[in-house]
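Novice: Dropping a prediction and its sequence here:
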Amino acid sequence: MRPAVAAALVAIVLVVVGCGGSAGPAQPAGSVRVTMSEFKFDPSTIHVPPGTATFFLVNSGSVAHDMVVETGDGKRVAGSELVQGGNSSVFTVDGLTTGSYRIVCDQPGHEAAGMKGTLSVG
């Protein structure tokens with residue numbers, strides 16, 4: 001192999017490795033994996049114990065999504081960062097008390113298109 005070609009291949013490998021080779025963090029131990037796509041959460045019903053819950057959000061879609069936790073009457077409890085298509089993010093919610101919450105994507109039109117679910121705590 002020619003030295004210039006070998007050097008170019010090494011440079012490409014270093015760039016890929018330096019970028020982590022993935023589109024986000026690894027899933028933390030004990031977290032709940034939630035896949036987001038157009039236009040749903042999977043799973044759409046999530047069960048966690050009271051206290052702190054950590055979600056590993058994976059956007060398998062092509063447009064940006066987020067996950068917002070709301071009380072039954074629509075009061076915002078917490079919201080994730082916007083996760084671009086193909087990326088992932090870790091989202092932690094503290095202070096969850098026993099009860100039922102709504103999860104929605106609050107990007108314009110996403111909830112109306114069906115991107116909603118239930119978070120049961122307890």
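Specialist: Noted; the coordinates are in hand. Worth saying up front: this structure is predicted, and the values here are computed from it rather than measured. Numbers count the residues shown, from 1 in each chain.
Novice: Can you give the distance from stretch 112-122 to the centre of its chain?
Specialist: 14 Å (Cα atoms, centre = their mean, to the nearest Å).
Novice: end to end, how far does it reach?
Specialist: 28 Å (Cα to Cα, to the nearest Å).
Novice: ditto for stretch 102-118
Specialist: The first-to-last residue distance of stretch 102-118 comes to 5 Å (Cα to Cα).
Novice: Also stretch 82-102?
Specialist: 18 Å.
Novice: just stretch 83-98 next, same as before
Specialist: For stretch 83-98, the end-to-end distance is 27 Å (Cα to Cα).
Novice: again with stretch 70-84
Specialist: Across stretch 70-84, first to last residue, Cα to Cα, it's 22 Å.
Novice: on contacts alone, who are the packing partners of the helix or strand where residue 100 lies?
Specialist: Element membership of residue 100, judged by DSSP states H and E, is strand 99-104. Counting contacts by 3 or more Cβ pairs under 8 Å, 6 or more residues apart in numbering; DSSP states H and E, strand 99-104 packs against strand 68-70, strand 116-121. For every residue, glycine as well, the C-beta is placed using N, CA and C.
Novice: quick check, distance from the shortest one to the centre of its chain.
Specialist: Centroid displacement of strand 68-70 relative to its chain, using Cα atoms, centre = their mean, is 13 Å.
Novice: So which other helices or strands are in contact with it?
Specialist: Packed next to strand 68-70, using 3+ Cβ pairs under 8 Å, 6+ apart, are strand 76-79, strand 99-104.
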